[in-house]
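Q: sequence plus the predicted model coming up.
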Amino acid sequence: MAKQRVLVIGLGLIGGSLAKVIAQSNNCHIIGYDTDDKTIEFACMNGIIDEACTSITDAVKQVDVVILGTPISETITIMQQIDAVSLDHPIIMTDVCSVKSSIMMAARQLTNDKIIFIGGHPMAGSHKKGIMAAKVHLFENAIYVLTPLVNSTNTHVEKLKNLLKATKSNFIMLNPNEHDEMTGVISHFPHLIASSLVHQAKKWEHTHTFIPKLAAGGFRDITRIASSNPEMWQDIFYHNRNKMSKLLGEWITEMTELKLLLEQNETKQMVSYLQQAKEYRDGLGKEDKGAIPSFHDLYVDIPDQSGAIASVVQTLAAKSISIKNIEILEIRDSMTGVLRLSFPTETGRLDGCRILQKKGYDVIIDE
Ligand SMILES: NC(=O)C1=CN([C@@H]2O[C@H](COP(=O)(O)OP(=O)(O)OC[C@H]3O[C@@H](n4cnc5c(N)ncnc54)[C@H](O)[C@@H]3O)[C@@H](O)[C@H]2O)C=CC1
Ligand SMILES: O=C(O)C(=O)Cc1ccc(O)cc1
């Protein structure tokens with residue numbers, strides 16, 4: 001059977017990761033296009049693509065599938081560019097953008113009947129950008145949303161899913177509006193708030209120069225996403241601005257109510273507010289990995305001495321227990337620090353806990 005030919009346009013974090021997965025798992029010929037020369041050079045040198053092209057309009061005629069791994073605004077322009085190409089066979093075209101309504105609106109305006117457009121959003125990522133951060137395992141167990149256009153049949157959707165099967169993500173179909181509302185709530189809006197919390201701390205640093213040194217634990221956790229790519233998030237906010245504006249309005253109302261609870265010393269109501277949030281948060285991600293990864297965490301006390309972290313990792317590796325993530329929390333000179341270990345499964349976490357405790361480590365396991 002002839003190799004399936006795939007064109008990936010935009011080989012950054014997401015496009016590069018998809019190209020890597022497809023290259024490793026399918027019998028495909030991958031053509032790559034990116035406006036950044038260094039990205040193309042890296043993709044060729046590392047076998048992420050089989051061939052680079054310099055013209056999208058020529059390359060699109062030679063492929064079966066096109067994956068658009070570009071920012072939202074660029075993606076819409078490229079879709080229009082491909083729409084004008086005269087094709088002699090049908091192609092499946094998909095994107096990876098974080099907002100779906102504006103992409104699907106552009107898709108509905110395509111006039112080329114050879115283009116079968118299936119919107120896509122792999123809901124996993126990182127604060128990094130660019131091909132150097134691309135990873136084969138990025139989408140494992142993540143939700144991968146598909147928003148097919150009416151002209152795509154089940155066969156087309158299955159063909160795309162099959163190409164992306166090795167991502168090991170969980171495919172779900174959503175309509176663009178519900179997608180944007182949900183991602184607005186759990187991804188886009190939290191990003192705005194995280195950035196605003198960082199701004200607040202920065203302003204207070206004028207009064208208390210010691211603030212950055214105190215910014216540990218909770219502040220770092222809640223503002224982690226503020227370290228992501230600003231241009232990408234501006235693009236996301238812009239394309240989801242109606243939903244974001246509505247969420248911001250609701251947030252302001254809720255903050256005004258909270259302010260009253262505080263000022264009027266409504267202690268019982270405040271406990272109840274916090275308790276309800278805790279219960280909902282504790283129940284999240286118990287079963288699946290959604291946008292909030294359901295990693296299974298352990299906290300291990302470690303002394304601040306060379307080799308301490310390596311010895312924790314080696315202890316687990318010797319028993320073939322894999323770790324998904326590792327983070328050092330609050331390690332200061334000559335003090336015990338805490339290592340947060342994230343395991344991919346609950347069994348891994350419990351086994352890891354038992355083995356480390358047996359070795360004499362002080363381990364805290366959250367219920
Ligand atoms: N970063 C993340 O965590 C996630 C991002 N997304 C979506 O993925 C898309 C890409 O984001 P990332 O991969 O993070 O960005 P990135 O910045 O890592 O990659 C974008 C790539 O597109 C290239 N590019 C830009 N304009 C182009 C054009 N006109 N033609 C060809 N190439 C062009 C850039 O040179 C870069 O290599 C965005 O639409 C974003 O909403 C989706 C899920 C997660
Ligand atoms: O939202 C987040 O929390 C992330 O850390 C990664 C991410 C960013 C953008 C997306 O469209 C999907 C996932």
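A: Ah, there it is. Ligands and ions are numbered 1, 2, ... in the order given.

Q: for stretch 339-350, buried residues please.
A: Across stretch 339-350, burial judged by 16 or more other Cβ atoms under 10 Å covers 339-344, 348-349. In short, each C-beta sits where N, CA and C put it, glycine included.

Q: what's the closest of those to Arg108?
A: Arg108 lies nearest to Pro344 out of the buried residues of stretch 339-350, by Cβ to Cβ, at 39.2 Å.

Q: kindly provide the distance from the closest one to Val198.
A: Remark: distance between Pro344 and Val198 (Cβ to Cβ, to the nearest Å) = 30 Å.

Q: how much space between Ile56 and ligand 2?
A: According to Cβ to the nearest ligand atom, to the nearest Å, Ile56 stands 23 Å off from ligand 2.

Q: I misspoke; the intended subject was Ala19.
A: 18 Å.

Q: and that residue, helix, strand or coil?
A: Under DSSP: H, G, I helix; E, B strand; the rest coil, Ala19 falls in the helix class.

Q: please list the residues of the stretch 151-300 of the chain that sit near ligand 1.
A: Proximity of the stretch 151-300 of the chain to ligand 1 (Cβ under 6 Å from any ligand atom) is limited to residues 232, 236.

Q: neighbours around the residue in the stretch 151-300 of the chain positioned nearest to ligand 2, how many?
A: Residue nearest to ligand 2 within the stretch 151-300 of the chain: Ser187 (3.7 Å; Cβ to the nearest ligand atom). Ser187 has 19 neighbours, counted by other Cβ atoms under 10 Å.

Q: just Val150 next, same as before
A: Residues lying near Val150 (other Cβ under 10 Å) number 8.

Q: most distant residue from the middle of the protein?
A: Gln264 (40.2 Å; Cα atoms, centre = their mean).

Q: report whether the expected contact of Trp233 with His191 is present.
A: Yes: under the criterion of Cβ atoms under 8 Å, Trp233 makes contact with His191 at 5.7 Å.

Q: quick one, strands of the stretch 51-200 of the chain?
A: Using DSSP state E, counting those that start in this stretch, the strands of the stretch 51-200 of the chain run over residues 51-52, 65-68, 91-95, 115-122, 143-148, 170-173.

Q: dump these into CSV; add mean pLDDT and mean neighbour count as well.
A: Listed next are those as CSV, based on pLDDT from 0 to 100; neighbours: other Cβ atoms under 10 Å:
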stretch, mean pLDDT, mean neighbour count
strand 51-52, 98, 16
strand 65-68, 98, 26
strand 91-95, 98, 25
strand 115-122, 98, 24
strand 143-148, 96, 21
strand 170-173, 96, 14
